[in-house]
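# I'll drop the sequence and a predicted model, then ask my questions.
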Amino acid sequence: MKAITKPDLPQFLVYQPDPKIFHICLEVGNTYYVWWSNYPPSQDNRFARKIARLKAIIPEKIPLKQIYDKGSYTVNKADDKAAVEKKVKEGLKKKSFSFILNGKLLKGRFIIKQTSGGTMLQKFKDKFAKEEDIFGTDLSRTIGLMVPNYDPKSIKLNYPKKRT
């Protein structure tokens, strides 16, 4: 699937400046508001990603070769660029707002919200939400972040067989 980038809507960008960090960027005016996370946003609505806000940056300083996903975003389907930017600024003050991404990998409604555990990014349950099989991929990075001095070669993980 190809991302539909609409020039009349603000753009979003998710990129990796470092192998262990993802930046989630939302265009507002001439800058991007940026949050960082140890993991990319998930299309699985069961998992929230803890994020932290970084200072806004200008688009020319984003390393394009490290892009994870990009496309346009809106708050409501009928909003124009000015309305989206106004709603995002208001949401930042309230520390909670939702938006709809239209990228190659990330599609549908997401929310950034303040919780007692910090700021979170989570996918809404919509037609684009999908459950991801966390046992179907390599868990060594996740375990490595949680277990000091973890050596993936020393442990053999048994993955459940997929049903057909």
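Done, it's in.
# Averaged over its residues, which helix or strand of this structure has the lowest pLDDT?
Counting by mean pLDDT, DSSP states H and E, the chain has its least confident helix or strand at helix 140-146, which shows a mean of 60.
# Please name the bridge partners of residue 115.
residue 118 (DSSP bridges).
# let me fix that: residue 54
Applying DSSP bridges, one finds that residue 54 bridges with residue 34.
# all helices in this structure, in order from the N-terminus.
81-94, 140-146 (DSSP state H).
# what comes up buried for the first one?
Of the residues in helix 81-94, 81, 84, 85, 87, 88, 91 count as buried by neighbour count, 16 or more other C-beta atoms under 10 Å. C-beta: built from backbone N, CA, C; applies to glycine.
# Tell me, how many residues neighbour the residue nearest to residue 83 when sequence neighbours are not counted?
Spatial nearest neighbour of residue 83, excluding adjacent residues (C-beta to C-beta, 6 or more residues apart in numbering): residue 75 at 7.3 Å. Counted with other C-beta atoms under 10 Å, the neighbours of residue 75 add up to 20.
# got a list of what residue 75 touches?
By C-beta atoms under 8 Å, 6 or more residues apart in numbering, the residues touching residue 75 are 83, 84, 87, 88, 91, 97, 98, 99, 100.
# if I look at the residue sitting nearest the centre point of the chain, how far off is residue 82?
What sits nearest the mean C-alpha location of the chain, by C-alpha atoms, centre = their mean, is residue 41, with 3.1 Å. Taking C-beta to C-beta, to the nearest Å as the measure, residue 41 falls 25 Å from residue 82.
# And residue 108, by the same measure?
Distance from residue 108 to residue 82, by C-beta to C-beta: 23 Å.
# got it, and residue 99?
15 Å.
# and stretch 57-73, average pLDDT?
In this model, stretch 57-73 has a mean pLDDT of 83.
# How about that stretch, which residues are buried there?
So for stretch 57-73, counting by 16+ other C-beta under 10 Å, buried means 62, 68, 69, 70, 71, 72, 73.
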